[in-house]
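Undergrad: could you look at this predicted model? Sequence included:
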Amino acid sequence: MTLENQRAVVSGAGSGIGKAIAIEFAKAGAKLVLTDINPATLIASAELCKQEGAEVITVISDISTPTGAIAGVNRCVMEFEGIDILVNNAGILTQAPCEDISLKMWDDMINIDLRSVFLASQAAIPHMKKQQHGRIINISSQLGIKGGAELCHYVAAKAGVIGLTKSLAIECASHGVLVNAIAPGPIETPLVDGISSAWKAAKAKELPLGRFGKAEEIAPTALLLASSPSGNLFVGQTLGPNSGDVMP
């Protein structure tokens with residue numbers, strides 16, 4: 001699977017799944033625009049991608065703001081004269097019972113994990129439609145399918161990502177723009193550091209595979225969806241590398 005000379009934007013590329021996808025895309029030959037709110041981790045990821053021979057541009061952006069959400073797309077269009085692949089990966093994860101979730105917690109989650117996906121996709125789609133080719137890959141979660149205790153704001157956002165993916169896929173497929181989602185199960189990334197150890201231990205016991213996944217085990221799914229002909233027939237799908245937590 002090759003992405004030779006494909007222009008790709010990956011948000012949240014400083015760590016976790018975004019970092020793993022960026023490196024996988026670099027190995028496949030893509031030109032990369034990597035975004036993250038953390039300059040240090042973003043630069044470190046970019047260096048790893050450059051070691052794979054990729055041309056890399058970094059954009060420090062806060063996707064909780066409308067301007068930050070579209071910054072990577074705009075930079076890719078400006079520097080590479082277009083965009084072929086958009087990976088909406090950046091997100092946050094916090095934990096609290098529903099009655100303890102403040103309006104700010106709710107709004108932060110929706111703005112970062114859902115609204116940013118809409119805004120970045122909205123910015124990329126006209127360019128992709130014009131060239132009659134593009135791939136949008138949205139990172140959701142298996143919890144967006146099955147739900148999760150003390151995570152109702154996160155689940156609502158990730159379920160919204162799946163619904164948004166389906167609607168965009170219907171709108172865009174006839175223009176050669178394929179929109180799909182990945183709904184990973186629990187993954188060993190910095191994102192889950194804020195979740196209690198008791199929750200993580202209980203979750204691992206539920207999984208048929210018996211363990212959390214690793215970020216590098218998710219990245220090949222993104223490469224599958226981004227490449228041709230491997231990803232040519234995926235339209236509005238939600239792929240589930242989730243250790244068996246959800247079996248649709």
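TA: Perfect, thanks for sending it. Residues are numbered from 1 along each chain as shown.
Undergrad: nearest the geometric middle of the chain, what residue?
TA: In the chain, the centroid-proximal residue (Cα atoms, centre = their mean) is residue 89; its distance is 2.1 Å.
Undergrad: right, and it touches residue 139 too?
TA: Yes. Between residue 89 and residue 139 there is a contact at 4.4 Å, judged by Cβ atoms under 8 Å. Just so you know, the C-beta spots here come from the backbone N, C-alpha and C atoms, and that holds for glycine as well.
Undergrad: report pLDDT for the residue nearest to the centre of the chain.
TA: pLDDT, residue 89: 98.
Undergrad: next one: it from residue 229, what distance?
TA: Per Cβ to Cβ, to the nearest Å, residue 89 is found 24 Å from residue 229.
Undergrad: show me where this structure has its helices.
TA: Per DSSP state H, the chain carries helices over the ranges 16-27, 39-51, 66-80, 103-110, 116-131, 143-146, 152-172, 197-206, 219-226.
Undergrad: and the contacts of the longest one?
TA: With Cβ atoms under 8 Å, 6 or more residues apart in numbering as the test, helix 152-172 has contacts from 88, 91, 93-94, 98, 101, 105-106, 109-110, 112-114, 117-118, 121, 125, 128-129, 134, 136, 138-141, 143-145, 147-148, 178-181, 183, 235-238.
Undergrad: if we can go back for a sec, joint contacts of residue 89 and residue 139?
TA: In contact with both residue 89 and residue 139: 17, 18, using Cβ under 8 Å, 6+ apart.
Undergrad: returning to what we had before: can you say which of the helices of the chain is packed in most?
TA: Comparing the helices of the chain by mean neighbour count (mean count of other Cβ atoms under 10 Å), helix 16-27 ranks first with a mean of 26.
Undergrad: who does that helix touch, helix- and strand-wise?
TA: strand 7-10, strand 31-36, helix 39-51, strand 85-88, helix 219-226 (3 or more Cβ pairs under 8 Å, 6 or more residues apart in numbering; DSSP states H and E).
Undergrad: for the ones you listed, give me CSV that also has distance to residue 65.
TA: Putting these into CSV (distance: least, Cβ to Cβ, whole Å) gives the following:
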stretch, distance to residue 65
strand 7-10, 17
strand 31-36, 12
helix 39-51, 17
strand 85-88, 15
helix 219-226, 25
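Undergrad: go ahead and confirm residue 223 touches residue 25.
TA: Yes. Here residue 223 reaches residue 25: they are 6.9 Å apart, a contact under Cβ under 8 Å.
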